[in-house]
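J.: predicted model and sequence below, questions to follow.
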Amino acid sequence: MPDATGLELIAAEVREQLGHETVVDTEFFRGRATLQVNPASVRDVLRYLKEEAGETFPHLMSVHGCDYLPEEPRLGVHYQLLSMERVDRLNVKTRVTVEDPAVPSVVDLFPTANFQEREVYDMFGVEFDGHPDPRRILMPEDYVGHPQRRDFPMGGEEVLFTFNEHQVPRWYD
Amino acid sequence: MTDVEHTHDPLAVPYREREQSVSMERMDEPGAPIPGSELDEYSELFTINIGPHHPATHGVLRLLTTLEGEIVKDVVPIIGYLHTGIEKSCEDQQYWKVIPFVERMDYLSYYFNATAFCMAVEKLLDEEVPQRAQYLRVIHLELNRIASHLFWLGTSALDLGAITMLWWALRDRDMILDLFEMSSGQRLHTRYIQVGGVFEDLPPGWDTKCREFLARMPSRIDQYEALLDRNEILLQRLKNTGVVSEERLLELGITGPLLRATGNPWDLRKADPYSCYDHFDFKIPVGTTGDNYDRFRVRMAEMRESLKIIEQALDGLPEGQYISDNRKIALPPRHELATSMEALIHHFKLVTEGFRVPPGEVYQPIEAPRGELGCYVLADGSSKPARVHFRDTSFVNLQMLPDMSKGHLLADMIAGVAMLDPIIGGVDR
């Protein structure tokens, strides 16, 4: 893990190379280094960290979505970067609003993001611009809403059986 | 016939429309070339649906496969049939009640799910786990790894036509489940790993029984290798099939035995030792070419290494507590409840309200039987997590299936799914 100083150095390097507004914040918590970036520059920052940075992070291990309700901007997307050579992890995080949840897709840089970005879209409604196959992945394709958002209620959804399939709204769409 | 086959590149058609391409309508002129395509009627692409309910897909995995003759031209894994919203349910549970939920994600490696979650919560709480608890965790994790690999061995040999292996592998897995039952009271989904340690100390006689298992298992693995490794049918179906290069696997984020089969010795137990894995002497088996046979050999060798770890952990099992004595997060021992008012209060508070976790977010990766299992926990300061997300290994690994099977025979794809070892409970969560 880069330590707190190492994280600041990475942040300074990214700011110098890609412009000051790309890195919004840094956070070092329990040994986990987080670089918070501007949603529009996620792709540039990840490409820079993958290919050009002084200490590169060539592998993307995981993409997480999360909802910071009641904080604004609400939605968060985390990218877990890994360098197998240095056994080093860096977390890149971005925050988007519910009204404009657009993040550039990184599938062309990291093909592993394909399923994972689809999952984040499915569960949180974050739209990944440039994703080759922007569909839902776990929920049915005709599902309405993004169930992992914190304001999405648990339960209360009618279950489709033979006896009520005609009464459940939208079953025939 | 719909218009779909008339386009020049049938694979460019969205998969939804390809689903409708199979039609029972009579063709007008038998053998006539299809307009706008170089294919004639006999060599057209044929889209079939494998699954979701199919014994060779290891659960409810659906593969929309486009074939030319017997050659797989394209395969689209369609998942979500087993999605039960476990991660959403976790947000409504206190931290210690989340453990049984996450165990049910990847239902063959439940100790790993629980450990990843508990280690993430311990990191948030900044809580030290006693050494004995670490050893007990490692013993159970490695037993679980063997159990998971045995189940893989049985079911994938079944996919390849060797029915006997299923009963033999499950017989040995049953010995492990007996050990789990003895130490925790449950055979599956044991809820043994707790935040701060483990649920209970080892009962009397467990050590002997576990050593019996350790003594028996190596000869059993020899037997299985004698059965499978010299079997001409199995060798022909595994050798040089489903080869994917190391670079492509790294791009796809594949870890675990699938990556190690290509010769990359990436294993978090060695690379970034967590718990107490740095106390043990074990090797990381790797393959050479990354074909299905290497995947098979790597997993077989991993079982032997796990046996070594368990033996060393049993020998070196330190004395001490099996769970943290921080009463704010771990339940007090039962006998204290009768004598100590404080213990009773702690017990009551923990059971009714649970413990509060300071706000923050962590990611905890561990090496599960199928690769890197990561648990992301977002805490908002209450006694329930705001988000629990698993980077489930099967979910990520499934992305390599098209690379494995395109351009090969359909039968090789079935062997590929078997060696990929996806657990659909983990894929869909």
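T.: Ah, there it is. Numbers count the residues shown, from 1 in each chain, chains lettered A, B, ... in the order given.

J.: show me what residue of chain B gets nearest to chain A.
T.: Going by Cβ to the nearest Cβ, chain A is nearest to B:Gly253 of chain B, at 3.0 Å. Using the backbone N, CA and C atoms, a C-beta is placed for each residue, glycine as well.

J.: for chain A, give me the ranges with low pLDDT.
T.: By pLDDT under 70, the low-scoring segments of chain A are A:1, A:156, A:168-173.

J.: got the buried residues for the top helix by length along it?
T.: Scanning chain A for the helix with the most residues, using DSSP state H, yields helix A:4-18. Under the neighbour-count criterion of 16 or more other Cβ atoms under 10 Å in any protein chain shown, helix A:4-18 has A:7, A:10-11, A:13-14, A:18 buried.

J.: okay, helices next: where are they in chain A?
T.: For chain A, applying DSSP H gives helices covering A:4-18, A:42-47, A:113-124.

J.: what's the shortest one packed up against?
T.: Read that as helix A:42-47. Helix A:42-47 sits against helix A:4-18, strand A:75-83, strand A:88-96, strand A:102-104, with contacts defined as 3 or more Cβ pairs under 8 Å, 6 or more residues apart in numbering or on different chains; DSSP states H and E.

J.: now these in a markdown table, with distance to B:Thr65?
T.: Listed next are these as a markdown table, based on distance: least, Cβ to Cβ, whole Å:
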| stretch | distance to B:Thr65 |
| --- | --- |
| helix A:4-18 | 43 |
| strand A:75-83 | 32 |
| strand A:88-96 | 36 |
| strand A:102-104 | 32 |
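
J.: out of those, nearest to chain B?
T.: Within the helices and strands packed on helix A:42-47, the stretch nearest chain B is strand A:75-83; the backing value is 5.8 Å (Cβ to the nearest Cβ).

J.: and the closest one, does that touch chain B?
T.: Yes: using Cβ under 8 Å from any Cβ of the partner chain, strand A:75-83 reaches chain B at A:78, A:80.

J.: list the neighbouring strands of that strand plus their orientation.
T.: Looking at strand A:75-83 with DSSP bridges, its partner strands are strand A:59-67 (antiparallel), strand A:88-96 (antiparallel).

J.: most packed of those?
T.: Most buried of the strands paired with strand A:75-83, by mean neighbour count (mean count of other Cβ atoms under 10 Å in any protein chain shown): strand A:59-67, with a mean of 25.

J.: what distance do you get for B:Arg216 to B:Asp178?
T.: Distance, B:Arg216 to B:Asp178, by Cβ to Cβ, to the nearest Å: 12 Å.

J.: and the closest residue to A:Gly145 other than its chain neighbours, how far from B:Cys375?
T.: The shortest distance from A:Gly145 to any non-neighbouring residue, by Cβ to Cβ, 6 or more residues apart in numbering or on different chains, is to A:Phe152 (5.9 Å). Separation of A:Phe152 from B:Cys375 (Cβ to Cβ): 22 Å.

J.: who has more neighbours out of these two?
T.: Neighbours were counted for A:Phe152 and for B:Cys375 using other Cβ atoms under 10 Å in any protein chain shown; B:Cys375 has more, 28 against 14.

J.: need the phi and psi values for the more buried one.
T.: Dihedral pair for B:Cys375: phi -120, psi 120, per degrees, to the nearest 10.

J.: what sits against it?
T.: The neighbourhood of B:Cys375, defined by Cβ atoms under 8 Å, 6 or more residues apart in numbering or on different chains, consists of B:102, B:113, B:116-117, B:119-120, B:363-365, B:388-391.

J.: bridged to it, which residues?
T.: According to DSSP bridges, beta-bridge pairing links B:Cys375 with B:Gln364, B:Phe390.

J.: spatially central residue for the chain, please.
T.: You didn't say which chain, so I picked chain A. Centroid-nearest residue in chain A: A:Val77, 2.6 Å away (criterion: Cα atoms, centre = their mean).

J.: ah, no, chain B please
T.: B:Arg370 (4.6 Å).

J.: check contacts around that one.
T.: Each residue near B:Arg370 by Cβ under 8 Å, 6+ apart is listed here: B:106, B:109, B:148, B:256-258, B:393-394, B:397, B:421, B:423, B:426.

J.: adding pLDDT, write the contacts of B:Cys375 out as JSON lines.
T.: Output for the contacts of B:Cys375, formatted as JSON lines (pLDDT from 0 to 100):
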{"residue": "B:Val102", "pLDDT": "91"}
{"residue": "B:Asn113", "pLDDT": "92"}
{"residue": "B:Ala116", "pLDDT": "93"}
{"residue": "B:Phe117", "pLDDT": "93"}
{"residue": "B:Met119", "pLDDT": "92"}
{"residue": "B:Ala120", "pLDDT": "92"}
{"residue": "B:Tyr363", "pLDDT": "91"}
{"residue": "B:Gln364", "pLDDT": "91"}
{"residue": "B:Pro365", "pLDDT": "92"}
{"residue": "B:Val388", "pLDDT": "92"}
{"residue": "B:His389", "pLDDT": "92"}
{"residue": "B:Phe390", "pLDDT": "92"}
{"residue": "B:Arg391", "pLDDT": "91"}
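
J.: residues of the stretch 201-350 of chain B that sit close to chain A?
T.: Residues of the stretch 201-350 of chain B lying near chain A (Cβ under 8 Å from any Cβ): B:250-255, B:264, B:266, B:271-272.

J.: residues contacting residue 49?
T.: Defaulting to chain A. Neighbours of A:Leu49 in contact, by Cβ under 8 Å, 6+ apart: A:10, A:14, A:56-57, A:81, A:90, A:92.

J.: I was after chain B.
T.: B:Asn49 neighbours (Cβ under 8 Å, 6+ apart): B:19, B:62-65.

J.: where's it, which helix or strand?
T.: Using DSSP states H and E, B:Asn49 sits in strand B:46-50.

J.: how many neighbours does whichever residue of chain A sits closest to chain B have?
T.: In chain A, no residue comes nearer to chain B than A:Thr112, which is 3.0 Å away by Cβ to the nearest Cβ. Neighbour count of A:Thr112, defined by other Cβ under 10 Å: 25.

J.: could you check whichever strand or helix holds B:Asn397 against chain A for contacts?
T.: Using DSSP H and E, B:Asn397 sits within helix B:393-397. Yes: residues of helix B:393-397 are located near chain A by Cβ under 8 Å from any Cβ, namely B:395-396.

J.: likewise for stretch B:51-61?
T.: No: taking Cβ under 8 Å from any Cβ as the criterion, stretch B:51-61 and chain A are apart, separated by no less than 12.2 Å.

J.: what is the mean pLDDT for that stretch?
T.: Per-region confidence: stretch B:51-61 scores 78 on mean pLDDT.
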